[in-house]
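**Q** what's the 3D shape of this:
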Amino acid sequence: MKVAELFSLKGKVAIVTGGSIGLGHQMAEALAEQGANIVIAARKVDRCQEVANEIAKEFGVKTLAVKCDVAVTEDCRNLIAATVNEFGTVDIMVNNAGLSWGYPTLDYPIDKMEYMFKINAIGTYTCAAEAAKVMVEQKKPGKIINVASIGAIQGSPSLEAIGYGASKAAVVSMTKELGVKLAKYNINVNAVLPGWFVTHMTDRFLKIGGRNSAIPLERYGGEDDLKGVTVLLASKASDYMTGQLLIVDGGVTAW
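**A** Next up is the predicted model:
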């Protein structure tokens, strides 16, 4: 098979949670550019529809906007059902929706910790499991991409957000477990661990200054830096990869 064919997503159906802004938007664009039809899911459906319209116009693919709060189990199930109703299948599930909340480590509120896990870990599991059920039932290979964080594998001397790191560590463990369990169905489950990217969630923290001094590449992640990794994990090019973690952090964790 030619390399171009390995990376082609023509005709595939991809769901991206948290796809209306930030890293999710970048990942959705990458998949659409390679030919995938895109489902944009987030809590604010108007913003989802706006992005869906933009992607359809720019890349000539079919799109769908779905309101989904991944902290709500029924929303996750409805997202998969709406996708199947519109496109007949699910080929690629990108679990990008997430949330961070900072507070001093030893006084981190338990209710906030629980909420971090509900969105970042349980929401990821629910969407992954519901998408996998469709893939298994239809006896089709599939790709599940979970977005974790380098915060899942290392501590931070300055960032007070233990709930975020812990919940993303759960995503790492889940990726490995699902990767092993779903391998017999030809469903590949892998995770992307971004470092410091400028998004709506990190912007205020990064503006404090000096955060990139510990990044070997001496810059934050940009608007194109997750596109290649996303296409790799969504395409046949990664058919022999499962349960793996791809770190995209400018070299932070290489020290």
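**Q** hey, C-alpha coordinates of stretch 114-134 in PDB?
**A** The C-alpha trace of stretch 114-134 is given here as PDB (Å, rounded to 0.1, in the frame of the first residue of the first chain):
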ATOM      1  CA  GLU A 114     -14.600  14.100  41.500                       C
ATOM      2  CA  TYR A 115     -15.700  16.500  38.700                       C
ATOM      3  CA  MET A 116     -12.300  16.300  37.100                       C
ATOM      4  CA  PHE A 117     -12.600  12.500  37.000                       C
ATOM      5  CA  LYS A 118     -16.200  12.600  35.800                       C
ATOM      6  CA  ILE A 119     -15.200  14.700  32.700                       C
ATOM      7  CA  ASN A 120     -11.600  13.700  31.900                       C
ATOM      8  CA  ALA A 121     -11.800  10.000  32.800                       C
ATOM      9  CA  ILE A 122     -15.300   8.800  33.000                       C
ATOM     10  CA  GLY A 123     -16.500  10.900  30.000                       C
ATOM     11  CA  THR A 124     -13.600   9.500  28.000                       C
ATOM     12  CA  TYR A 125     -14.400   6.000  28.900                       C
ATOM     13  CA  THR A 126     -18.100   6.300  28.100                       C
ATOM     14  CA  CYS A 127     -17.500   7.800  24.700                       C
ATOM     15  CA  ALA A 128     -14.800   5.200  23.900                       C
ATOM     16  CA  ALA A 129     -17.000   2.300  25.100                       C
ATOM     17  CA  GLU A 130     -20.100   3.400  23.200                       C
ATOM     18  CA  ALA A 131     -18.100   4.000  20.000                       C
ATOM     19  CA  ALA A 132     -16.400   0.600  20.400                       C
ATOM     20  CA  LYS A 133     -19.700  -1.100  20.700                       C
ATOM     21  CA  VAL A 134     -20.700   0.200  17.300                       C
END
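**Q** list the buried ones in that stretch?
**A** Residues 115-132, 134 are the ones in stretch 114-134 that count as buried (16 or more other C-beta atoms under 10 Å). The way it works is simple: take the backbone N, C-alpha and C, and place the C-beta from them, glycine included.
**Q** that one: how far from the chain's middle?
**A** From the chain centre to the centre of stretch 114-134 is a distance of 11 Å (C-alpha atoms, centre = their mean, to the nearest Å).
**Q** what does stretch 215-222 give?
**A** 20 Å.
**Q** before we move on, the earlier item: what about the buried residues of stretch 114-134, which are in strands?
**A** Residues of these located in strands (DSSP state E): none.
**Q** list the ones among those that fall in helices.
**A** Using DSSP state H, 115-116, 123-132, 134 are the members of the buried residues of stretch 114-134 that sit in helices.
**Q** list the contacts of the nearest residue to Val70 once chain neighbours are set aside.
**A** Using C-beta to C-beta, 6 or more residues apart in numbering and skipping residues adjacent in sequence, the residue nearest Val70 is Gly123, 3.0 Å away. Contacts for Gly123 (C-beta atoms under 8 Å, 6 or more residues apart in numbering) come out as 17, 70-71, 76, 95, 97.
**Q** please apply the same query to Ser158.
**A** Ser158 makes contact with no residue under the criterion C-beta under 8 Å, 6+ apart.
**Q** ok so it is a strand residue?
**A** No. Looking at Ser158 with DSSP: H, G, I helix; E, B strand; the rest coil, it is coil, so not inside a strand.
**Q** show me the strands in the protein, by range?
**A** 13-17, 37-42, 63-67, 92-95, 142-147, 187-194, 245-248.
**Q** what pairs with the third one, parallel or antiparallel?
**A** So that's strand 63-67. Paired strands of strand 63-67, with direction, are strand 37-42 (parallel) (DSSP bridges).
**Q** next: the fifth one.
**A** Taking DSSP bridges as the criterion, strand 142-147 forms sheet pairs with strand 92-95 (parallel), strand 187-194 (parallel).
**Q** then stretch 81-94 to PDB, C-alphas only?
**A** In PDB, the C-alpha atoms belonging to stretch 81-94 read as follows (Å, rounded to 0.1, in the frame of the first residue of the first chain):
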ATOM      1  CA  ALA A  81     -26.400   7.300  18.400                       C
ATOM      2  CA  ALA A  82     -26.700  10.600  16.500                       C
ATOM      3  CA  THR A  83     -23.600   9.900  14.600                       C
ATOM      4  CA  VAL A  84     -24.800   6.400  13.500                       C
ATOM      5  CA  ASN A  85     -28.200   7.800  12.600                       C
ATOM      6  CA  GLU A  86     -26.500  10.400  10.300                       C
ATOM      7  CA  PHE A  87     -23.600   8.500   8.900                       C
ATOM      8  CA  GLY A  88     -24.400   4.800   9.600                       C
ATOM      9  CA  THR A  89     -21.200   4.100  11.500                       C
ATOM     10  CA  VAL A  90     -18.300   5.400  13.700                       C
ATOM     11  CA  ASP A  91     -14.700   4.800  12.400                       C
ATOM     12  CA  ILE A  92     -12.700   7.200  14.600                       C
ATOM     13  CA  MET A  93     -13.400   8.400  18.100                       C
ATOM     14  CA  VAL A  94     -11.300  11.300  19.400                       C
END
